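*Asks:* Let me see the structure of the following:
(2 chains)
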Amino acid sequence: MLDLKFVRENPELVKENIRKKFQDQKLPLVDEVIELDKKVRALKNEGGELRAERNSSSSKIGLLMRNKEFEEVEKIKQRVVEINDRLLVLEKEEEELESELKKRMMVIPNIIDPTVPIGKDDSENVEIKRYLEPKVPDFEIPYHLDILEKVKGIDLDSARKVAGNGFYYLTGNIARLHSAVITYARDFMINKGFLYCIPPFMIRSNVVTGVMSFAEMEQMMYKIEGEDLYLIGTSEHSMIGKFIDTILDKEKLPYTLTSYSPCFRKEKGAHGIEERGIYRIHQFEKQEMIVVCEPEQSKEWFEKLYNYTVELFVSMNIPVRTLECCSGDLADLKVKSIDVEAWSPRQKKYFEVGSCSNLGDAQARRLGIRIKGEKGNYFAHTLNNTVVAPPRMLIALVENHLNPDGSINVPEVLQPYMGGLKVIK
RNA sequence: GGAGAAAUACCCAAGCGGCUGAAGGGGUCGGUCUUGAAAACCGAUAGGAGAUUCACGUCUCGCGAGGGUUCAAAUCCCUCUUUCUCCGCCA
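*Replies:* Below you'll find the predicted structure:
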């Protein structure tokens, strides 16, 4: 969400940004917002004046009552009743206009970073850089399910009986590998100076609506029956929620946090659960990182954040590349976003394993995350990025470390977390 | 889950329909005193959201949150949230 003042003062810039994102149908919203804003302010002014009159009249009544000047009191009372009637009308109108205004403000996209490549959709995303050589071995790489089944590491049949499609049992060394990845990633981030957190895995509706749009909420979030609680889709929800309505101390910035959580997603909508196996599932686990910082530091942090993920994958010997989201593919709240994609030697292409986003002050404005400044408070910038999210990440791991006999090499950095095990057979 | 008590500014706390946007302390900041400090004394110190103004300023909202009663709400009523105490249940 943009600053209303900014829209008021820079309508052309806002429109230009909408065009860059190929959302021309939203162009009229800008003028509508400016018009609505004008009306709301006029109403506020009138209401303010009336309230001021009511306040002074009411205290006058107090004085007159003590002097027993009842006739005068009745007169003033009547005037105040009139004021209240008028206020009722004004307030209703103001509320309506404000909700119309907010509705429009919510869908006007955030101003994208000047470095974001212009493009219509995900086909125009831009590869930034590759890390490690994407190798295709001279033997055939089976589908990841077959690899995992061969080492008795997965049981989807039982999962379907117990919970349905989109769930999994990981077993034995693969389950252990899964934990090893999470634990290694946790320590990796702790070593980068991040504060490790285990957040609530359920959050209230007001936090949900604070961190995502209604459409997203409907498509992603599981609701707990009979409670005002939702299962989190990512720990970003509870981690950013932690800062709702706070005024932060300059000295304590930046907040750099890494959190572990299971993530629950309905995966309703466009694709459903088409992919066989553990690529797209209702439940997975994720190590996440978030940063809350000074506005002028967010760009710098953005670079650091996705590079941490790259470094982590490279340390496990998994080839990755960074792919920048073009303007048309960038979610409305985001200033800039880069995906980290891992190499799939089976598909001979890269697939998404992480996503790093700079939200600028958009999220902070929605959630009221401010920094105490010398001359008034201002909104913080927020960023989030995946450290690693197995089991999807395991697809990349097993495909890249598969031996011709179907055994899987454990990357050296994970071996300590696997009791020294070097090969999963 | 049941029964009680509470939520007021940076902290503690008074107030329980109008003169209270809020007594009193502590803290913090400034000053007097002192070689310097402490103590003592004096003074200052209400965060936040919004409107308006070139600006000084003015106005509105604001006593956990949201509703309601009233000419008028920190104060009365309702709902919710949180905290504390006790009981029950449970890793």
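*Asks:* dump the residue contacts of residue A:397.
*Replies:* By C-beta atoms under 8 Å, 6 or more residues apart in numbering, the contact list for residue A:397 reads A:177, A:181, A:316, A:318, A:408, A:411. Where you see a C-beta, it was placed from the backbone N, CA and C, and this is true even at glycine.
*Asks:* again, but for residue A:278
*Replies:* A:144, A:145, A:148, A:154, A:168, A:284, A:391, A:392, A:394, A:395.
*Asks:* Against residue A:362, how distant is the closest residue to RNA strand B within the stretch 101-250 of chain A?
*Replies:* Among all residues of the stretch 101-250 of chain A, residue A:247 sits closest to RNA strand B, at 6.0 Å; criterion: C-beta to the nearest atom of the strand. Separation of residue A:247 from residue A:362 (C-beta to C-beta, to the nearest Å): 18 Å.
*Asks:* Show me which residues of chain A are close to RNA strand B?
*Replies:* A:4-5, A:41, A:44-45, A:47-49, A:51-52, A:54-59, A:61-63, A:65-66, A:77, A:80-81, A:84, A:228, A:247, A:370, A:372, A:376-377 (C-beta under 7 Å from any atom of the strand).
*Asks:* Just the buried residues of the residues you listed.
*Replies:* Buried subset of the residues of chain A next to RNA strand B (neighbour count, 16 or more other C-beta atoms under 10 Å): A:4, A:47, A:54, A:61, A:80, A:370.
*Asks:* Dump these to TSV, plus pLDDT.
*Replies:* Converted to TSV, those look like this (pLDDT from 0 to 100):
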residue	pLDDT
A:4	89
A:47	88
A:54	87
A:61	84
A:80	87
A:370	86
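*Asks:* ok, so of those residues, who is nearest residue A:94?
*Replies:* The nearest member of these to residue A:94, counting by C-beta to C-beta, is residue A:47 at 6.8 Å.
*Asks:* what's the nearest residue to residue A:322 if we skip its chain neighbours?
*Replies:* Of all residues not flanking residue A:322 in the chain, residue A:128 sits nearest, at 4.2 Å (C-beta to C-beta, 6 or more residues apart in numbering).
*Asks:* for residue A:264, that is, sorry about that
*Replies:* Using C-beta to C-beta, 6+ apart, the closest residue to residue A:264 is residue A:231 (3.9 Å).
*Asks:* ok, now which ones touch that neighbour?
*Replies:* A:201, A:202, A:221, A:222, A:224, A:264.
*Asks:* what about 10 Å?
*Replies:* Counting by C-beta atoms under 10 Å, 6 or more residues apart in numbering, residue A:231 touches A:201-203, A:220-224, A:237, A:261-266, A:282-283.
*Asks:* Could you do residue A:183 as well?
*Replies:* By C-beta under 10 Å, 6+ apart, the contact set of residue A:183 is A:260, A:287, A:414, A:416, A:417.
*Asks:* If we use 6 Å, what do you get?
*Replies:* Counting by C-beta atoms under 6 Å, 6 or more residues apart in numbering, residue A:183 makes contact with residue A:417.
*Asks:* just residue A:282 next, same as before
*Replies:* Going by C-beta under 6 Å, 6+ apart, residue A:282 touches A:166, A:167.
*Asks:* Show me the residues of chain A next to RNA strand B that map onto strands.
*Replies:* With DSSP state E as the criterion, strands contain A:247, A:370 from among those.
*Asks:* Now residue A:377. Nearest residue, chain neighbours left out?
*Replies:* Per C-beta to C-beta, 6+ apart, closest to residue A:377 is residue A:370, 4.3 Å.
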